[in-house]
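In: With the sequence up front, the predicted model follows.
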Amino acid sequence: MAGRWDDVVGRLLMHAAAVLHRTVAGEVAYGRWISRRDRTLRAAHRRGLPVDVLAARMGLTQGWIRQRLNSKKPAEPSTLEEAA
């Protein structure tokens with residue numbers, strides 16, 4: 001029985017590693033993750049969730065969320081520091 005559970009757990013860990021590799025590895029994958037997050041934010045907002053609730057749950061400012069809802073990319077922190 002222990003061998004069977006080891007096989008199941010091993011396969012689950014392999015699946016988790018493959019998912020992490022596809023979703024986290026590389027700059028292109030990071031961009032896809034951000035795009036998915038933004039599409040999900042927009043979908044939640046269309047279904048009635050207000051900006052303040054989205055901002056609180058995501059740990060971002062309301063201005064940042066509004067920019068993402070309007071499909072605008074917020075200014076990077078380095079750009080803000082250079083402007084100041």
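Out: Ah, there it is. Numbering: from 1, shown residues only.
In: Please, which helix or strand holds the residue nearest in space to the middle of the chain?
Out: For the chain, the residue nearest the mean C-alpha position is Arg37 (4.3 Å; Cα atoms, centre = their mean). Assessed by DSSP states H and E, Arg37 sits inside helix 27-46.
In: after that helix, next one along is what?
Out: helix 51-58.
In: Check which helices and strands the helix holding Arg37 is in contact with.
Out: Using 3 or more Cβ pairs under 8 Å, 6 or more residues apart in numbering; DSSP states H and E, the elements in contact with helix 27-46 are helix 2-24, helix 51-58, helix 62-69. All C-beta spots, glycine's among them, are computed from the backbone N, C-alpha and C.
In: Switch these over to TSV; also include distance to Trp33, mean pLDDT and mean neighbour count.
Out: Below are these laid out as TSV (distance: least, Cβ to Cβ, whole Å; pLDDT from 0 to 100; neighbours: other Cβ atoms under 10 Å):
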stretch	distance to Trp33	mean pLDDT	mean neighbour count
helix 2-24	6	73	10
helix 51-58	14	88	14
helix 62-69	13	91	16
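In: Please consider this matter closed, and thank you.
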